[in-house]
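**Student:** please find the sequence and the predicted model below.
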Amino acid sequence: MILVFGGTTEGRKAVEVLEEGGGCEPDECLAEGTQGKTYYYSTKTGEQAITLHHGLRIDGAMDAEAMQAFCQEHGIRLMVDAAHPFASQLHQTIAQVSQTLNIPVIRYERIYPPRNPDITWIDDYAELSTHLTPPASLLATTGVQSIGKLKYLEAKGIRIYYRILNRDSSVALALKQGASENQLCYYEAPNDIPVKADAILLKESGLSGGFPEKVEAAKARGMRVIVLKRPQLSIISCPLSIINGPHGLRRAVEKLLPEFYPLHSGLTTGTCATAAAVAAAIRFFRNETPDEVPVLLPNGETISVPVGYGEGYAYCIKEAGDDPDVTNGIEIRASVFWVGGDLKSPTHEMRISDSHQPQVEIFGGEGVGTFTLPGFDYPPGSPAINKAPREMIENNLQAILSPLTSHFSPLKVTISVPHGAEIAKRTFNPRLGIEGGISIIGVSGIVKPFSEEAFIDSIRKCMTVAKASGSERVVINSGGKSERFVKSLYPDLPQQAFVEYGNYIGETLKIAHELNIKNVTLGVMLGKAVKLAAGHLDTHSRKATMDKDFIRQMLTEANCDIDISDITLARELWERLPSEKLQAFASTIIRHCAEHCNPLLPNGSLTILLIDDNGKIFP
């Protein structure tokens, strides 16, 4: 079981990640065999609005004794510390219990922007007296608990306004600590400045706390910005993993409590290439060879990725998790050197770059394919490294390079994949017009197993290439079998004009509309066709099943009187229908399918073809 300490934005994100595990229904969470998939969500006040489908909510503060007893009673095997960064006592208590019971902790840290030197930074409320003199006024946004710590400034003649949450418990606590009602103002929006004061006091609350927006809003009103620094991490020794985003949390849970998720996530080829490039750069410039390197993902979080080293390069082993992927286990390499520089020399004469940012040039080496057709992020002839991975590599290397450079000539990065050309033959690359190797891809940087988003993204890429091929028609099919049959009707279309939709018929047609593809042929076999005819635009078995009553209705419409009470698969209908009734039944199914599909392609022409198991096509 997992115990989450939340009440924050990070707590909410943690719930979203843990809900992906499936878990169990709350009233079944203590059943035998479910304990490892259960989680508890703990808040101090119980006032955070949050919905749990598979977790159990508990509210109220816990000291070390109560927390230890709870963990022992409920079999807690992992704790997630997603509490507020200023909840120092809670962080220490979690660390203490972790150490005592040997329970690993994942600390969900916030992402913090660099500290702006134009802002006044303080370590403690007591420092404010050195920065404010009467009759200055201060808007304090540090929470109702800080009122007592600021009262001493009022005694010195500083006028203070307290911005607190507009709820009864907060108002009552503020008044109890000595604030007057005319000193209280409330949150209307996260970056709202309800009172004009000489200065504003903020907590270093990070990106999720809206810190940059609050600073800008205060500056716009001419207020001096004073910021209380976030506390340092607890120094108590405990089994601690630190993450700062949802992907890192999921991967940490998969590592520490593997049974929680039925399927495990993996890394994209883009993330692996970035990790290899970072490792190569660290060795090149610092002469260091860490076993893991930090990789900044497109969503702003940082994860640690294992790497290794060879002669003149670093590498990362592609980890697909439980997503079926022929690239799983391959080695993705990166080598870096200054253009015209010495590859083997790890030391350079450094100097500060005041006005230039070092350029990064990315090349494809052995086993990385080449774009040969239009429709990709880059023109034909470019290495098959998509835009998102290129940006990841560039952004991560800039963090290492800036502000030190040896000169302003570009840093060359070459990505290579041993045996990539052979592996690519088992991918979609040849039909997409990517030749000579695999492609380096990935939008989020993380592969979720059987991810709907990832599959639809691949459909979009294929549809974009199909349009760019100049084909007068795009033919969409559920898979290779139906594609082989339909190809006989369109022998002159290029390979790129044939796109597999899997189960996502509706999403594929929406993409065709977005891309303004005018002529689409939909090839569908009977199992998916009966679901589509009933209005299921996603035909996956977890979302749609064969509806016998609707099939009986269609049989009646086609004047087909047959018994289907004992069929288990739709394709059995082909064996039971009289030959003279096949076309009538096929036409009925196609008509119903068209009713649901045509609205998704309002500016185009859709042809629907029903295919039987032997390849016969019914228009």
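**Tutor:** That came in fine, so what should we check first?
**Student:** name the helix or strand of the protein that has the lowest mean pLDDT.
**Tutor:** The least trusted helix or strand in the chain, going by mean pLDDT, DSSP states H and E, turns out to be strand 351-352, with a mean of 32.
**Student:** for the helix or strand just after that strand, buried residues please.
**Tutor:** With elements assigned by DSSP states H and E, the helix or strand that comes after strand 351-352 is strand 360-364. Using 16 or more other C-beta atoms under 10 Å as the burial criterion, the residues of strand 360-364 that qualify are 360, 362, 364. For glycine as for every other residue, the C-beta is placed from the backbone atoms N, C-alpha and C.
**Student:** which single one of the residues you listed is nearest to residue 467?
**Tutor:** Top of the list for closeness to residue 467, among those and by C-beta to C-beta, is residue 364 at 24.5 Å.
**Student:** close enough to count as contact, that closest one and residue 378?
**Tutor:** No: between residue 364 and residue 378 there is no contact under C-beta atoms under 8 Å: 10.5 Å.
**Student:** what sits in contact with each of these two?
**Tutor:** residue 385 (C-beta atoms under 8 Å, 6 or more residues apart in numbering).
**Student:** residues contacting the residue nearest to residue 563 when sequence neighbours are not counted?
**Tutor:** What sits nearest to residue 563 in space, not counting adjacent residues and going by C-beta to C-beta, 6 or more residues apart in numbering, is residue 576, at 8.0 Å. Neighbouring residues of residue 576 by C-beta under 8 Å, 6+ apart: 562-564, 567.
**Student:** now with 10 Å, please.
**Tutor:** 555, 560, 562-564, 567 (C-beta atoms under 10 Å, 6 or more residues apart in numbering).
**Student:** tell me the one of those residues nearest residue 604?
**Tutor:** For these, the nearest to residue 604 is residue 555 (30.7 Å; C-beta to C-beta).
**Student:** which helix or which strand is home to that closest one?
**Tutor:** Secondary-structure element containing residue 555, defined by DSSP H and E: helix 548-557.
**Student:** outside of that helix, which residues touch it?
**Tutor:** Under C-beta under 10 Å, 6+ apart, the answer for helix 548-557 is 530-531, 533-535, 547, 560-565, 567, 570, 573, 576-577, 581, 584-585, 587-589, 591-592.
**Student:** return a ChimeraX selection command for the buried portion of the residues you listed.
**Tutor:** Of the contacts of helix 548-557, the buried ones can be selected in ChimeraX as follows, counting by 16+ other C-beta under 10 Å:
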select :530,531,533,534,547,560,564,567,570,573,577,581,584,585,588,589,592
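**Student:** tell me which of the contacts of helix 548-557 fall in helices.
**Tutor:** 530-531, 533, 573, 576, 584-585, 587-589, 591-592 (DSSP state H).
**Student:** could I get the residues you listed as CSV with pLDDT and distance to residue 181?
**Tutor:** Output for these, formatted as CSV (pLDDT from 0 to 100; distance: C-beta to C-beta, whole Å):
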residue, pLDDT, distance to residue 181
530, 94, 67
531, 93, 62
533, 95, 65
573, 90, 75
576, 88, 80
584, 94, 79
585, 94, 76
587, 95, 75
588, 95, 72
589, 95, 70
591, 95, 69
592, 96, 66
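**Student:** doesn't residue 219 make contact with residue 191?
**Tutor:** No: counting by C-beta atoms under 10 Å, residue 219 is not a contact partner of residue 191; they are 11.2 Å apart.
**Student:** need phi/psi at residue 337.
**Tutor:** Reported as degrees, to the nearest 10, the phi and psi values for residue 337 are phi -170, psi 160.
**Student:** give me the neighbour count for it.
**Tutor:** Look at residue 337: counted by other C-beta atoms under 10 Å, it has 18 neighbours.
**Student:** what's the distance between it and residue 313?
**Tutor:** 11 Å (C-beta to C-beta, to the nearest Å).
**Student:** how about residue 277?
**Tutor:** From residue 277 to residue 313 the distance is 10 Å (C-beta to C-beta).
**Student:** pick out the residue closest to the middle of this structure.
**Tutor:** residue 444 (5.3 Å; C-alpha atoms, centre = their mean).
**Student:** contacting residues for that one?
**Tutor:** 246-247, 268, 270-271, 297-299, 388, 451, 453-454, 457 are the contacts of residue 444 under C-beta under 10 Å, 6+ apart.
**Student:** mind redoing it with 8 Å?
**Tutor:** 247, 268, 297-299.
**Student:** in stretch 512-532, which residues are buried?
**Tutor:** Per 16+ other C-beta under 10 Å, stretch 512-532 contains these buried residues: 512-513, 515, 517, 520-532.
**Student:** good, wrapping up.
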